[in-house]
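Structure for this input, please:
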Amino acid sequence: MTFHSAPGDKLGAKHPTLRQAVTEAIRQSIFSGKYQPGERLVEEQLANELGVSRYPVGEALRALQAEGLVEISPRRGATVARVSEEEAREIVELRASLEGLCARLATRRCGPDDRIEITDLLSRGERASADDDTEALAALHTEVHALMARMGRNRHLNEFIQTLRDKTAWLYSTSLGWRARQSWAEHAAILAAVARGDEDLAAILSSRHVIDVGASHQKRQSGSDSPQLSGAPALPQLLADTLPTS
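Residues are numbered from 1 along each chain as shown. Okay, here's the model as predicted:
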């Protein structure tokens with residue numbers, strides 16, 4: 001799989017901080033699912049298509065290795081890091097709990113201006129869903145998480161959650177296409193609960209959303225009739241074990 005740069009759109013001509021620009025370009029390609037776990041990242045190919053020399057590409061790959069997104073070996077070179085099924089399950093379980101806490105804090109601290117923004121998001125999401133506009137829904141997905149983080153006003157929590165999002169970005173980003181409308185419906189329900197001031201419901205729905213996306217992805221990959229993360233208990237039991245009861 002390769003980068004597809006528009007003619008004349010070369011990073012070397014546009015960004016003064018070249019290493020950071022190249023790192024971000026490769027990082028976002030991993031997050032978007034353009035590069036899948038285990039896929040090779042060829043320096044020369046990336047350099048040619050980004051319009052830069054191999055040196056900043058090599059630096060970028062080493063930076064991404066430090067983040068845990070890239071693995072570098074003497075024989076294969078750089079590849080997108082793999083996340084084992086067990087690690088994915090552990091991260092999803094932890095992220096589900098933290099996203100629930102974030103939603104709870106966002107609900108508790110939601111103000112009048114935040115409710116106006118929620119109303120706007122819900123309106124735009126309804127239109128995008130009706131039009132089956134997956135690109136717009138993906139952008140709204142990002143906006144929802146940014147708003148929740150801002151309303152929650154807990155920097156350390158946001159940093160922990162972002163780290164977990166980065167580790168499983170490939171899992172969640174690939175769902176934005178085939179599961180876009182379902183994911184938006186779940187986000188809309190979370191936002192509605194936040195706007196109503198229902199902390200418990202917002203927390204439960206946020207945690208359930210994380211687990212549901214992970215389970216749906218696993219089911220899609222394996223073709224299993226049972227939507228559960230491999231090695232994890234079935235979804236209803238997982239929810240019962242990890243989510244607060246209302």
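
low pLDDT regions in this protein?
Scanning the chain for pLDDT under 70 picks out the ranges 1-16, 170-178, 217-246.

Quick check: buried residues in stretch 81-98?
Using 16 or more other C-beta atoms under 10 Å as the test for burial, stretch 81-98 gives 81, 83, 88-98. All C-beta atoms are positioned from the backbone trio N, CA, C, and that covers glycine.

Filter those down to the ones in helices?
Among these, the residues falling in helices (DSSP state H) are 88-98.

domains for the chain, by residue range?
Using automatic domain parsing, the domain parsing of the chain gives 11-80, 85-242.

picking up where we left off before, can you put the ones in helices among the buried residues of stretch 81-98 in TSV and add distance to residue 131?
Shown next, in TSV, are these (distance: C-beta to C-beta, whole Å):
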residue	distance to residue 131
88	32
89	35
90	37
91	33
92	30
93	34
94	35
95	30
96	30
97	34
98	32
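
any idea which of those is closest to residue 156?
Distances from residue 156 to those, taken as C-beta to C-beta, are shortest for residue 98 (10.7 Å).

Verify the contact between that closest one and residue 159 for me.
No. Counting by C-beta atoms under 8 Å, residue 98 sits too far from residue 159 to count as a contact (10.5 Å).

ok, the nearest residue to residue 23 once chain neighbours are set aside - contacts?
Nearest residue to residue 23, sequence neighbours excluded (C-beta to C-beta, 6 or more residues apart in numbering): residue 60, at 4.0 Å. Taking C-beta atoms under 8 Å, 6 or more residues apart in numbering, we find residue 60 in contact with 19, 22-23, 25-26.

Which members of the buried residues of stretch 81-98 are the farthest-apart pair?
Greatest spatial distance among the buried residues of stretch 81-98 (C-beta to C-beta): 81 and 97, at 23.5 Å.

count of residues packed around residue 66?
Using other C-beta atoms under 10 Å, residue 66 is surrounded by 8 other residues.

following the helix or strand it falls within, which helix or strand shows up next?
Here residue 66 sits within helix 54-67, counting by DSSP states H and E. Next helix or strand after helix 54-67 toward the C-terminus (DSSP H and E): strand 70-73.

Pull out the buried residues from that following strand.
Buried, per 16+ other C-beta under 10 Å, within strand 70-73: 70-71.

Spatially central residue in the chain, please.
residue 169 (4.0 Å; C-alpha atoms, centre = their mean).

got the contact list for it?
Contacts for residue 169 were tallied using C-beta under 8 Å, 6+ apart; they are 30-31.

residue boundaries of the strands in this protein?
Secondary structure of the chain (DSSP state E): strands at 40-41, 70-73, 77-80.

now these as a markdown table including distance to residue 55?
What follows is those, written out as a markdown table (distance: least, C-beta to C-beta, whole Å):
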| stretch | distance to residue 55 |
| --- | --- |
| strand 40-41 | 15 |
| strand 70-73 | 15 |
| strand 77-80 | 14 |
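
Looking at those strands, spot the one closest to residue 124.
When the strands of the chain are compared (using C-beta to C-beta), the closest one is strand 77-80, at 32.4 Å.

Can you tell me which helices and strands the closest one packs against?
With contacts taken as 3 or more C-beta pairs under 8 Å, 6 or more residues apart in numbering; DSSP states H and E, strand 77-80 sits against strand 40-41, strand 70-73.
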